[in-house]
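Peer 1: only the shape, not the letters, is given here:
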């Protein structure tokens, strides 16, 4: 088991932690001040440090900073008095892994220590992630041919068995809900419920009652008590999508659940204990929200234990062919259409598109193509891309779609002309006002073979 260094100037508290952690099988070292703690760190191999922030001589914050200068990867859990949350946040900024507020229960301290040791093991394993990518990771309904998605699934494999909170980041439509479900299905909680809630889909004044439930008479119309999502997810996983849009009042209650694993229903007085693993997701930059003051710092640090960023589809184009065939199999089977494959030209159109709506947009376009297909093979003319003009950014006169270059836009116009001409390249050249040779040159640049055809 791990070796834990306890730095606490109160002898009774220090002894209580030694006995309690010793019962869990940990080896403990202890010191009454920071200077003695640093000596023990130099002389012993330590896996985790628990320290009070208020110490005689060198204070806990300076002690933490000294530890991090010597060993940045060593997890440090800080203890501070209730009402000194600002100090705890400063410690988190300085590199603390987590904090507990005094008075705390020994159960809470053990949970925090086990979680941090799990995360430490995860990070150590991730150092060799690049080498481990020689192994291919897979999960049902998750396409991961690209290196970026292999990294995501490799992290899922490592974090899923722990109880650590996970924060999924990425643009809308990249598949954060699928990754959240994969974490649940590979965890020890797989036999428990997987409960999903999207904070933007629920009016702000109802979100708190949806998360935490309400008792009878809590408000007009509350004729009976109702459990919230946290109760429903007990012994399982709660996936909270668009966490960045949770209002400040609800953020406070959410922080308490993450810290203490307990809450009261709206209008209730009974404290409810839950055992829930939280996976949160956002398509916003939460650090910008911290600067704006719309998102709490302490909640951010509680959520951002294991961040997983999912790349947009345009940065993992290797996944597009497999996604296309997955959607053909799914939608053409549902619609009863005998579509079995897709032509190289049609596939090239899909691979070259910039996908502002990511996998969700690809799914919609493939559903449309399968519904309108005329034969057993999808052709270029069956692919109807949503080539909408971009909104002007900040009042500027830009008319290219967001994230697109002029060259990409030109490629898409050529592909759209081919679609309208039903694959006839001579007719497509006339639509574009190009000569046949000029179109042939542009087709070769974007990887569409010119196999010759009867002139129209």
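Peer 2: Arrived safely. None of these values were measured; they are calculated from a predicted model.
Peer 1: going by C-alpha atoms from here, please, whenever you check contacts or count neighbours.
Peer 2: OK.
Peer 1: next one: stretch 222-232 to chain centre, how far?
Peer 2: A distance of 27 Å separates the C-alpha centroid of stretch 222-232 from that of its chain, computed with C-alpha atoms, centre = their mean, to the nearest Å.
Peer 1: do the same with stretch 256-268
Peer 2: 24 Å.
Peer 1: now it: buried residues?
Peer 2: For stretch 256-268, burial by neighbour count (16 or more other C-alpha atoms under 10 Å) applies to 257-259, 261-268.
Peer 1: which of these fall within strands?
Peer 2: Among the buried residues of stretch 256-268, the members falling in strands (DSSP state E) are 262-264.
Peer 1: now the longest helix belonging to the chain, how far from the chain's geometric center?
Peer 2: Longest helix in the chain by number of residues (criterion: DSSP state H): helix 106-126. Computed by C-alpha atoms, centre = their mean, the chain-centroid distance of helix 106-126 equals 19 Å.
Peer 1: can you check stretch 270-288 too?
Peer 2: For stretch 270-288, the distance from its own C-alpha centre to the chain's C-alpha centre is 11 Å (C-alpha atoms, centre = their mean).
Peer 1: just stretch 102-121 next, same as before
Peer 2: Between the centre of stretch 102-121 and the centre of its host chain there is 23 Å, according to C-alpha atoms, centre = their mean.
Peer 1: okay, buried residues for that stretch please.
Peer 2: For stretch 102-121, a neighbour-count test (16+ other C-alpha under 10 Å) marks 109, 112-120 as buried.
Peer 1: what does stretch 143-158 give?
Peer 2: By neighbour count with 16+ other C-alpha under 10 Å, stretch 143-158 contains the buried residues 143-145, 148-158.
Peer 1: who touches the helix or strand hosting residue 361?
Peer 2: Per DSSP states H and E: residue 361 is located in helix 358-372. Residues outside helix 358-372 that contact it (C-alpha atoms under 8 Å, 6 or more residues apart in numbering) are 171-175, 312-314, 324, 327-328, 331-332, 335, 337, 339, 355, 378, 382-385.
Peer 1: quick one: mean pLDDT for that helix?
Peer 2: Per-residue pLDDT over helix 358-372 has a mean of 91.
Peer 1: after it comes which helix or strand?
Peer 2: Note on helix 358-372: by DSSP H and E, the next helix or strand toward the C-terminus is strand 377-378.
Peer 1: which helices and strands does that next one pack with?
Peer 2: The helices and strands touching strand 377-378, judged by 3 or more C-alpha pairs under 8 Å, 6 or more residues apart in numbering; DSSP states H and E, are strand 341-342.
Peer 1: quick check: residue 156 is in a strand.
Peer 2: No. Applying DSSP: H, G, I helix; E, B strand; the rest coil, one finds residue 156 to be helix, outside a strand.
Peer 1: quick check: closest non-adjacent residue to it.
Peer 2: Excluding its sequence neighbours, the residue lying closest to residue 156 (C-alpha to C-alpha, 6 or more residues apart in numbering) is residue 183, at 5.8 Å.
Peer 1: same check on residue 219?
Peer 2: Residue 219's closest residue in space is residue 267 (C-alpha to C-alpha, 6+ apart), at 7.8 Å.
Peer 1: beta-bridge partners for residue 102, please?
Peer 2: On the basis of DSSP bridges, residue 102 takes part in beta bridges with residue 81.
Peer 1: what pLDDT does it get?
Peer 2: 87.
Peer 1: so it is in contact with residue 80, correct?
Peer 2: Yes. Residue 102 is in contact with residue 80 according to C-alpha atoms under 8 Å; the separation is 5.8 Å.
Peer 1: which stretches of the stretch 251-400 of the chain have low pLDDT?
Peer 2: Screening the stretch 251-400 of the chain residue by residue with the criterion pLDDT under 70, one finds the ranges 335, 387-400.
Peer 1: then the stretch 1-150 of the chain?
Peer 2: Counting by pLDDT under 70, the stretch 1-150 of the chain has low-confidence residues at 82-83, 125-135.
Peer 1: can you do 80?
Peer 2: 1, 82-85, 122-138 (pLDDT under 80).
Peer 1: which parts of it are strands?
Peer 2: In chain order, the stretch 1-150 of the chain shows strands spanning 3-7, 27-31, 48-52, 76-81, 98-102, with DSSP state E, counting those that start in this stretch as the criterion.
Peer 1: and the ones you listed: which comes nearest residue 319?
Peer 2: With distances scored as C-alpha to C-alpha, the stretch of the strands of the stretch 1-150 of the chain nearest to residue 319 is strand 98-102 (36.9 Å).
Peer 1: and the closest one, what does it pack against?
Peer 2: For strand 98-102, where contacts count as 3+ C-alpha pairs under 8 Å, 6+ apart, the packed elements are strand 76-81, helix 85-93, helix 106-126.
Peer 1: now that strand and helix 106-126, what's the angle there?
Peer 2: 170 degrees (axes from the mean of the first three to the mean of the last three C-alpha atoms, to 10 degrees).
Peer 1: need the buried residues of stretch 143-158 in a markdown table (columns: distance to residue 38).
Peer 2: As requested, the buried residues of stretch 143-158 are arranged in a markdown table below (distance: C-alpha to C-alpha, whole Å):
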| residue | distance to residue 38 |
| --- | --- |
| 143 | 48 |
| 144 | 45 |
| 145 | 47 |
| 148 | 40 |
| 149 | 41 |
| 150 | 40 |
| 151 | 36 |
| 152 | 37 |
| 153 | 38 |
| 154 | 36 |
| 155 | 33 |
| 156 | 35 |
| 157 | 35 |
| 158 | 32 |
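Peer 1: closest one to residue 233 out of these, please.
Peer 2: residue 156 (20.0 Å).
Peer 1: what bridges to the most centrally placed residue in the chain?
Peer 2: Most central in the chain under C-alpha atoms, centre = their mean is residue 168, positioned 0.7 Å from the mean C-alpha point. On the basis of DSSP bridges, residue 168 takes part in beta bridges with residue 281, residue 308.
Peer 1: wouldn't it be in contact with residue 303 here?
Peer 2: No. Taking contact to mean C-alpha under 8 Å, the distance of 9.8 Å between residue 168 and residue 303 leaves them out of contact.
Peer 1: alright, that wraps it up for me.
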